[in-house]
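> Fold the following for me, if possible:
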Amino acid sequence: MFEEGQLYSPVTQHADGRVEVHLGADHPGVTDPVYRARREQIAAAAIAAGGATPPRIDYTDAEHEVWRIACAELAPKHARSAHSEYRCAKAALDLPTDRIPQLTEVGDRLRPLTGWTYVAAPGLVALREFYGALGRRVFHSTQYLRHPSQPLYTPEPDVIHEVVGHANQLASPRFARLTAAAGRATRRVETDLAVKAIADVFWFTMEFGVMRERGDIRAYGAGILSSFGEMDAYRHMEFRPLDLAAMATIPYDITTYQPVLFCAESLAELENVVGGFFDTVDDESAASLVRERAHA
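Next up, the predicted model:
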């Protein structure tokens with residue numbers, strides 16, 4: 001099940017104001033002092049913004065090159081394997097592929113399409129805060145880039161994941177409604193168990209969801225669509241039908257490709273099953289869902 005803090009490198013602001021990003025021992029940038037300093041500079045800017053207008057980041061040529069490589073490599077995979085709802089939304093949003101867009105630009109492009117906007121996050125945002133903001137159609141996004149030595153890999157969500165994956169997804173009115181519904185559900189419930197159940201269903205759908213379309217299984221989850229490796233690997237995984245109890249409770253490891261994926265038969269089924277869950281879940285029904293799986 002989802003646990004807070006496992007997706008992002010922790011960020012600490014010390015008493016003297018210094019911001020420190022704690023990279024894991026296996027992070028590609030852990031021994032690179034230039035990269036670490038850059039991560040801390042970008043995190044400090046997000047902290048200073050305090051959830052208001054995202055700070056402008058003057059990205060370097062090397063950072064723009066990482067973005068260009070990722071976009072160029074993902075484009076043919078999207079054309080071949082992304083669900084048409086995502087592809088149409090991506091075309092409507094029309095983000096630049098030759099440079100990293102500022103989060104203000106992402107919001108300016110999203111707002112007239114689906115009413116969403118972006119704010120900057122230094123790293124981890126607490127579950128209730130992150131999902132609560134989704135209920136207001138506000139997305140907390142990191143602004144840092146993955147290490148330049150591995151432009152097609154990141155051990156944590158970076159701006160490529162947050163924008164190529166999620167912003168393009170949020171340009172779809174139907175995906176945008178599902179995401180907002182998950183946020184409203186989180187604001188409605190009180191128990192941590194219910195919040196985790198919502199987050200886990202979100203993980204297996206809006207992050208790592210797949211869907212049948214014209215006889216093929218196509219990806220719509222942001223975690224797949226922003227990952228070069230996952231775009232190829234997902235086709236070899238175990239596909240199961242949508243199962244709310246399983247999605248809300250099944251253990252998973254974010255450090256490897258997801259071995260089990262839940263496949264919707266159609267966008268309408270996704271909206272009915274998962275959207276219906278987000279629209280109606282409360283503390284009692286979430287607890288019942290977890291008990292149902294425990295006794296299965």
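
> Now do the contacts for R56.
With contact taken as Cβ atoms under 8 Å, 6 or more residues apart in numbering, R56 is in contact with Q102, T104. For glycine as for every other residue, the C-beta is placed from the backbone atoms N, C-alpha and C.

> now it, what's its secondary structure?
For R56, the secondary-structure state derived from DSSP: H, G, I helix; E, B strand; the rest coil is coil.

> which residues sit in contact with the residue lying closest to C263 once chain neighbours are set aside?
Nearest in space to C263, with sequence neighbours left out and distances taken as Cβ to Cβ, 6 or more residues apart in numbering, is F239 at 4.4 Å. Contact criterion Cβ under 8 Å, 6+ apart gives V210, I217, L261, F262, C263 as the residues in contact with F239.

> and the two most separated of those residues?
Taking Cβ to Cβ as the measure, those span a maximum distance of 11.2 Å, between I217 and F262.

> then the longest helix along the chain to CSV, C-alphas only?
The helix of greatest length in the chain, counted in residues with DSSP state H as the criterion, is given as helix 61-81. What follows is the C-alpha trace of helix 61-81 in CSV, where atoms were taken according to Å, rounded to 0.1, in the frame of the first residue of the first chain:
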residue,chain,number,x,y,z
ASP,A,61,20.9,24.4,-21.4
ALA,A,62,21.8,21.0,-19.9
GLU,A,63,18.4,20.8,-18.1
HIS,A,64,16.5,21.8,-21.3
GLU,A,65,18.4,19.0,-23.1
VAL,A,66,17.2,16.4,-20.6
TRP,A,67,13.6,17.6,-21.3
ARG,A,68,14.2,17.5,-25.1
ILE,A,69,15.6,13.9,-25.0
ALA,A,70,12.7,12.7,-22.8
CYS,A,71,10.0,14.3,-25.0
ALA,A,72,11.6,13.0,-28.2
GLU,A,73,11.9,9.5,-26.9
LEU,A,74,8.4,9.4,-25.4
ALA,A,75,6.6,10.9,-28.4
PRO,A,76,6.6,7.7,-30.6
LYS,A,77,5.7,5.6,-27.7
HIS,A,78,2.7,7.8,-27.0
ALA,A,79,1.7,7.6,-30.6
ARG,A,80,1.8,3.8,-30.5
SER,A,81,0.6,3.0,-27.0
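
> packing partners for that helix?
Taking 3 or more Cβ pairs under 8 Å, 6 or more residues apart in numbering; DSSP states H and E as contact, the helices and strands that helix 61-81 lies on are helix 84-93, helix 228-233.

> got the contact list for that helix?
Taking contacts as Cβ under 8 Å, 6+ apart, the residues outside helix 61-81 that touch it are 59, 86-87, 90, 97-100, 145-146, 148, 151-152, 159-160, 164, 218-219, 225-226, 228, 231-232, 234-235.

> try it again with 7 Å
87, 90, 97-100, 145-146, 148, 151-152, 160, 164, 218-219, 225, 228, 231 (Cβ atoms under 7 Å, 6 or more residues apart in numbering).

> Likewise for stretch 118-133?
Applying Cβ under 7 Å, 6+ apart, the set of residues contacting stretch 118-133 from outside is 4-5, 7-11, 21, 43, 46-47, 49, 51, 54-55, 103, 106-107, 138-143, 182-183, 186-187, 195, 198-199.

> Derive a PyMOL selection command for the buried subset of those residues.
Command for PyMOL, covering only those of the contacts of stretch 118-133 found buried under the criterion 16 or more other Cβ atoms under 10 Å:
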select buried, resi 4+7+8+9+11+21+43+46+47+49+54+55+103+106+107+138+139+140+141+142+143+182+183+186+195+198+199
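
> ok but the residue nearest to C263 is inside a helix, no?
No. If the criterion is three-state DSSP, then F239 is strand and not within a helix.

> Could you check how far it is from A92?
Here the criterion is Cβ to Cβ, to the nearest Å. By it, F239 lies 28 Å from A92.

> and what of V273?
Relative to A92, V273 is positioned 26 Å away (Cβ to Cβ).

> And those two? Which one has more around it.
V273 (20 against 16; other Cβ atoms under 10 Å).

> Would you check that that one makes contact with A245?
No. Contact status for V273 versus A245: not in contact, 11.7 Å apart, counting by Cβ atoms under 7 Å.

> so where do the strands sit in the stretch 151-296 of the chain?
Along the stretch 151-296 of the chain, the segments classed as strands by DSSP state E, counting those that start in this stretch run 210-213, 216-219, 238-241, 260-264.
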